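**Student:** generate a structure from the sequence data that follows.
(chains A, B, C and D)
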Protein chains: 2
Amino acid sequence: MSYSKLTHIAEKAASKSAQQLRKSDRTRKAILDGALELLWSRPFRDLTVAELMEVTGICRSAFYRYFDDLYALMETLLLSLEEDIFDVAAPWFSREGNPVDTLRESLSGLVRVCYEQGPILRAVSDASTIDDRLENVWSSFLTQFDDAVTANIEAQQAEGFIQEFSARPVAVALNRMDAYLFVHAFGRHPRQNPELVLESVTRLWVSTLYQSSPITTKNND
Amino acid sequence: MSYSKLTHIAEKAASKSAQQLRKSDRTRKAILDGALELLWSRPFRDLTVAELMEVTGICRSAFYRYFDDLYALMETLLLSLEEDIFDVAAPWFSREGNPVDTLRESLSGLVRVCYEQGPILRAVSDASTIDDRLENVWSSFLTQFDDAVTANIEAQQAEGFIQEFSARPVAVALNRMDAYLFVHAFGRHPRQNPELVLESVTRLWVSTLYQSSPITTKNND
DNA sequence: ACATATAGTGACGTCGTGTCATTTTTTCAA
DNA sequence: TTGAAAAAATGACACGACGTCACTATATGT
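**Tutor:** Predicted coordinates for the structure are as follows:
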């Protein structure tokens, strides 16, 4: 009987890898996918649990088995965005290579990711003003960035790449610009031209931090 | 009888100037004042018609005689903010005097007004993500600013004060920075130090637009 | 002072939310 | 394969906030 048992287990494993994990995980993913689908074309304010679960094909109240509320769901989406964003912003923070070049690289990646995920970014940003808890998550996400940028500015000031000034308020200003410019430019269809946005964001960062550097008006990497 | 009539009229006029206009206008003002009071210390998301009218001391449903909904009320608050903001930003747009000096003056006024009205600014900004109509009003407010800044940059480029680049995307970036930095810094108590915010905002605008200008790290006007 | 216009009231219907007891489906091991 | 236990899905419910409406009370102006 160990034969049939093993076969059975093997089948289970096979079916699991085909269907992806347990039922609950598939359902959770279906809900997240449904949310992404809806938020791609409609603002967060129009999203209701009823509509979302209708798309998912499961009873509305089942939603609450997977998320506390829509804001908890948005938090999940934000966390996955965060990963992409920190990854793509890495070059400048790595503090290897030419500061201006790596800054351009980081900003370019940031624009790309935010362009691709624009409507989601906007939905999270919108939702964060309505819910206490999500607001804290969003806010601490921005603050992490503030901290990282501040530290990097201070380090490069010590090395003489950046002139002396109070780093944090400038870091905060630059980050708020990025965040809300991206939300504004890429948060709704039709999204704005990412090349133009990248160009102007780069101009601001470079002229603020590395004043003497020349600025190209076309990106010719 | 014309005597008593005149006296009566005189009394009416006196009482009107003392009590300010008709009942409806006083009530409307009371509602707006109540909203200002509540929003001074709590986020927009916690504001309900019931709570607002409780503060005002009138029946909840009377609210709808004066405003379509809370977003219409917020629109009224935004419009009064707008006036202050356009007024105070005038110097740079007037295109008289030294561009950098007038820019500093405008930014200084902007920071002052937004500091004073921080929680209201934030409430409007928060509310605008929830309501269609208010979002359009907020958005067109920002766009007006985008237009004005774009025009001013282009004019000063023509005069040689500002180097050549695509003006609008830079204007949009600078404005989004202002708007959301102010919302972030001044929108909740305790508000951040306006001096520091002014200094960093000024740094960004000046170094972006008038690269060659020296930047003072203390404001010694 | 009175007739009329206007402001204020309370009750109602609606919608979206979140919970709960119950039913259905999965899961896993004998 | 089967059946018992665990987990997931369902439908009904109560709640809170909204916006409307017929009605009452109060202002307004002649």
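
**Student:** tell me the buried residues in the helix or strand encompassing A:Leu36?
**Tutor:** Assigned by DSSP states H and E, A:Leu36 falls within helix A:23-41. Neighbour counts over helix A:23-41 (16 or more other Cβ atoms under 10 Å in any protein chain shown) mark A:27-28, A:30-32, A:34-35, A:38-39 as buried. Backbone N, C-alpha and C define where each C-beta goes, glycine included.

**Student:** what comes into contact with that helix?
**Tutor:** Here helix A:23-41 makes contact (Cβ atoms under 8 Å, 6 or more residues apart in numbering or on different chains) with A:19-20, A:47, A:51-53, A:55-58, A:62-63, A:65-67, A:73, A:76-77, A:119-120, A:123, A:189.

**Student:** which among these count as buried?
**Tutor:** So, by 16+ other Cβ under 10 Å, the buried ones in the contacts of helix A:23-41 are A:47, A:52-53, A:56, A:58, A:63, A:66-67, A:73, A:77, A:119-120, A:123.

**Student:** what's the most distant pair in those residues?
**Tutor:** A:Ile58 and A:Pro119 (23.5 Å; Cβ to Cβ).

**Student:** for chain A, which helix is longest?
**Tutor:** Criterion DSSP state H: the longest helix present in chain A is helix A:132-158.

**Student:** mind checking the pLDDT average for that helix?
**Tutor:** Throughout helix A:132-158, pLDDT has a mean value of 98.

**Student:** that helix near DNA strand C at all?
**Tutor:** No - applying Cβ under 7 Å from any atom of the strand, one finds helix A:132-158 out of contact with DNA strand C, separated by at least 10.7 Å.

**Student:** pull out the buried positions in that helix.
**Tutor:** Quick answer for helix A:132-158 (16+ other Cβ under 10 Å): A:134-135, A:137-138, A:141-142, A:145-146, A:148-150, A:152-154, A:156.

**Student:** helices or strands next to whichever helix or strand comes after it in the packing?
**Tutor:** Going down the chain from helix A:132-158, the next helix or strand is helix A:167-186, by DSSP H and E. If you count contacts as 3 or more Cβ pairs under 8 Å, 6 or more residues apart in numbering or on different chains; DSSP states H and E, helix A:167-186 packs onto helix A:99-116, helix A:118-127, helix A:132-158, helix A:194-209, helix B:167-186, helix B:194-209.

**Student:** let's go with 6 Å and repeat that
**Tutor:** helix A:99-116, helix A:118-127, helix A:132-158, helix B:167-186, helix B:194-209 (3 or more Cβ pairs under 6 Å, 6 or more residues apart in numbering or on different chains; DSSP states H and E).

**Student:** so how far is the longest one off the chain centroid?
**Tutor:** Relative to the chain's own centre, helix A:132-158 is displaced by 14 Å; criterion: Cα atoms, centre = their mean, to the nearest Å.

**Student:** could you check the angle helix B:118-127 makes with it?
**Tutor:** Calculated by axes from the mean of the first three to the mean of the last three Cα atoms, to 10 degrees, helix A:132-158 forms an angle of 110 degrees with helix B:118-127.

**Student:** and chain A, which residues reach DNA strand D?
**Tutor:** A:8, A:22-24, A:27, A:58-62, A:65.

**Student:** which residue is nearest the middle of chain A?
**Tutor:** In chain A, the C-alpha nearest the mean C-alpha coordinate belongs to A:Leu81, at 2.9 Å (Cα atoms, centre = their mean).

**Student:** and the closest residue to it other than its chain neighbours, what's its pLDDT?
**Tutor:** Take A:Leu81 and drop its neighbours on the chain: the residue closest to it by Cβ to Cβ, 6 or more residues apart in numbering or on different chains is A:Gln117, 5.8 Å away. pLDDT recorded at A:Gln117 is 98.

**Student:** for A:Lys23, same thing?
**Tutor:** At A:Lys23, pLDDT is 84.

**Student:** quickly note the distance from it to B:Ile162.
**Tutor:** 61 Å (Cβ to Cβ, to the nearest Å).

**Student:** next, the buried residues of whichever strand or helix holds A:Glu75.
**Tutor:** According to DSSP H and E, A:Glu75 maps onto helix A:70-94. With burial defined by 16+ other Cβ under 10 Å, the residues of helix A:70-94 counted as buried are A:70-71, A:73-75, A:77-78, A:81, A:84-85, A:88-89, A:91-93.
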